[in-house]
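> would you be able to build a 3D model of this:
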Amino acid sequence: MSRISVPTPPPGVIVVHSDIWCSFAHIAVHRLHTTRARLGLEDRVRFDLRAFPLELLNDAPSPRPGTDSEVARMASLEPGAGWQLWQAKDWLYPSTTLPALEAVLAAKEQGLHASEQLDLGLRRAFWAESRCVSNRKVILDVAAATGAVDVAALAEALDDGRARAELSSHAALSATDAVVCSPHLFLPDGTDHANPGISVGWQGSYGIGWPVVESDDPTVYEDLLLRAAAPEPAAV
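As a prediction, this is how the structure comes out:
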């Protein structure tokens, strides 16, 4: 049987498979945005967010002890991404990220910029603001705060579920060996990079133990973005 592959994105696009629950993806997305801005590549690189729905792969919601155990260690690597232990009521902790992942996909109708800004906002809402990103109103409030999303159009897309089939196809791809983890990046040059720059192990089982970061090299994002950048427009 041949290995399933992810289509190579066009120049100027980095495909990012990830889940909002994933602390490593929170770091990766933050580094993509901040490094792109620092390199002045906002007009030459876009991020195409794809779902890697952990709850479907694990047949269960992500356990809160697992995410709690990651906050302090991951925050020490990239404090600027925004972190805090869950501060809202216990019953407001999200039991699913599927509505948020679906919203990010639905926002692509408005362009990759709208989608990537909503994705970034939802990650901060969960990790840094203790907001229930499975709730429709929270999702739409985050969309409004981005200033980049037509909220009425997004609400209509969520109501008719037009992105749900795409979410299901991403889940099916995530269950193959084509996408190995959250985050997994795919570049226009045909290369792919799982959890770029970070090597990690675990002490104890997930939700009981804690992550042990063996190495971290945030500078890899400069190379990834420069390799993905579309050619500069010719001078006229």
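> quick one: low-confidence parts of the chain?
Where the chain drops to pLDDT under 70, the residues are 1-3, 234-236.
> hmm, 80 instead?
Per-residue confidence for the chain (pLDDT under 80) gives these ranges: 1-5, 205-208, 233-236.
> and the helices in it?
Using DSSP state H, the helices of the chain run over 23-39, 54-57, 64-77, 98-106, 112-127, 136-146, 151-160, 164-174, 220-228.
> so the fourth one versus helix 151-160, what angle?
Interaxial angle, helix 98-106 versus helix 151-160 (axes from the mean of the first three to the mean of the last three Cα atoms, to 10 degrees): 120 degrees.
> hmm, who's touching helix 98-106?
19-20, 49-51, 53, 55-56, 94, 115, 118-119, 122, 133-136, 139, 143, 154, 157-158, 161-164, 166-167, 170 (Cβ atoms under 8 Å, 6 or more residues apart in numbering). For glycine as for every other residue, the C-beta is placed from the backbone atoms N, C-alpha and C.
> run the last query once more with 7 Å
Contact with helix 98-106 is made by 20, 49, 51, 53, 115, 118-119, 122, 133-134, 136, 139, 154, 157-158, 162-164, 166-167, as judged by Cβ atoms under 7 Å, 6 or more residues apart in numbering.
> with the second one instead?
Contacts made with helix 54-57 from outside it, assessed by Cβ under 7 Å, 6+ apart, are listed as Asp19, Trp21, Cys22, Pro61, Ser62, Thr96, Thr97, Ala171, Ser174, Ala175, Ser182.
> kindly report the same for the third one.
If you take Cβ under 7 Å, 6+ apart as the criterion, helix 64-77 is touched by 21, 23, 27, 83, 85-86, 93, 206-207, 210-211, 213, 216.
> in that helix, which residues are buried?
Neighbour counts over helix 64-77 (16 or more other Cβ atoms under 10 Å) mark Gly66, Thr67, Ser69, Glu70, Met74, Ala75, Leu77 as buried.
> same question, stretch 157-166
Ala157, Leu158, Ala163, Glu166.
> my read: the third one touches Ala157, true?
Read that as Ala163. Yes - with contact defined as Cβ atoms under 7 Å, Ala163 counts as touching Ala157 (6.3 Å).
> which pair in the buried residues of stretch 157-166 spans the largest distance?
Leu158 and Glu166 (13.1 Å; Cβ to Cβ).
> so how far is His193 from the residue nearest to Glu222 when sequence neighbours are not counted?
Nearest residue to Glu222, sequence neighbours excluded (Cβ to Cβ, 6 or more residues apart in numbering): Thr35, at 5.9 Å. According to Cβ to Cβ, to the nearest Å, Thr35 stands 14 Å off from His193.
> just the closest of the contacts of helix 64-77 to Arg44, please.
Out of the contacts of helix 64-77, the member with the shortest distance to Arg44 (by Cβ to Cβ) is Ile27, at 22.8 Å.
> and the gap between that closest one and Ala165?
Ile27 sits 30 Å away from Ala165, going by Cβ to Cβ.
> returning to that earlier point: filter the contacts of helix 54-57 to the buried ones?
Looks like the contacts of helix 54-57 have Asp19, Trp21, Cys22, Pro61, Ser62, Thr97, Ala171, Ser174, Ser182 buried, using 16+ other Cβ under 10 Å.
> one step back: which one of the helices of the chain lies nearest to Ile14?
helix 220-228 (4.8 Å).
> give the buried residues for that closest one.
Tyr221, Leu224, Leu225, Ala228.
> would you format the residues you listed as CSV with distance to Gly12 included?
Listed next are the buried residues of helix 220-228 as CSV, based on distance: Cβ to Cβ, whole Å:
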residue, distance to Gly12
Tyr221, 16
Leu224, 13
Leu225, 10
Ala228, 7
